[in-house]
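Engineer: here are the coordinates; sequence isn't available:
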């Protein structure tokens, strides 16, 4: 078990490991079209993060990468069909981190929050645009900063 997550329940740990898949579906579906390129980019990113993330997050992303595709398939299978419903659902889901972050190591929470925002941006950039320009849609732009999650560095 990841040392930084020992202070939370097993259910909460499972949730924290599933967050990148939830972020993926939120961002990919925010413009009403979950694109294969976005999903493939997220899968690749989850694999890459287990070796390229900040040192304190390497073990976290190792766990995430082992289960990411299964978590992503689960999210895609059970997420609301409408864009509005999906956005609301994932805003509620991701807001659960606001109760978890204060019980984790502050440095870990801050780094995870920043990493999740970066993850969201990479997923948004992976599809769309014209000749590499305007790759992030206006709908994606509204969610990539993950406004439903409070910045743990502000406490």
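Structural biologist: Here it is on my side, so go on. Quick caveat, the model's predicted, so the values are computed rather than measured. Numbering: from 1, shown residues only.
Engineer: can you give me the helices in the protein?
Structural biologist: According to DSSP state H, the chain carries its helices in the segments 10-29, 36-52, 58-78, 83-95, 97-100, 106-125, 138-143.
Engineer: nearest to residue 154, of those helices?
Structural biologist: When those are compared for distance to residue 154 using CB to CB, the nearest one is helix 106-125, at 9.7 Å. Backbone N, C-alpha and C define where each C-beta goes, glycine included.
Engineer: tell me the most buried of the helices of the chain?
Structural biologist: The densest packing among the helices of the chain, expressed as mean neighbour count by mean count of other CB atoms under 10 Å, is seen in helix 10-29 with a mean of 21.
Engineer: Point out the other helices and strands that that one packs with.
Structural biologist: When contacts are defined as 3 or more CB pairs under 8 Å, 6 or more residues apart in numbering; DSSP states H and E, helix 10-29 packs onto helix 36-52, helix 58-78, helix 83-95, helix 97-100, helix 106-125, helix 138-143.
Engineer: That concludes my questions; thank you for your assistance.
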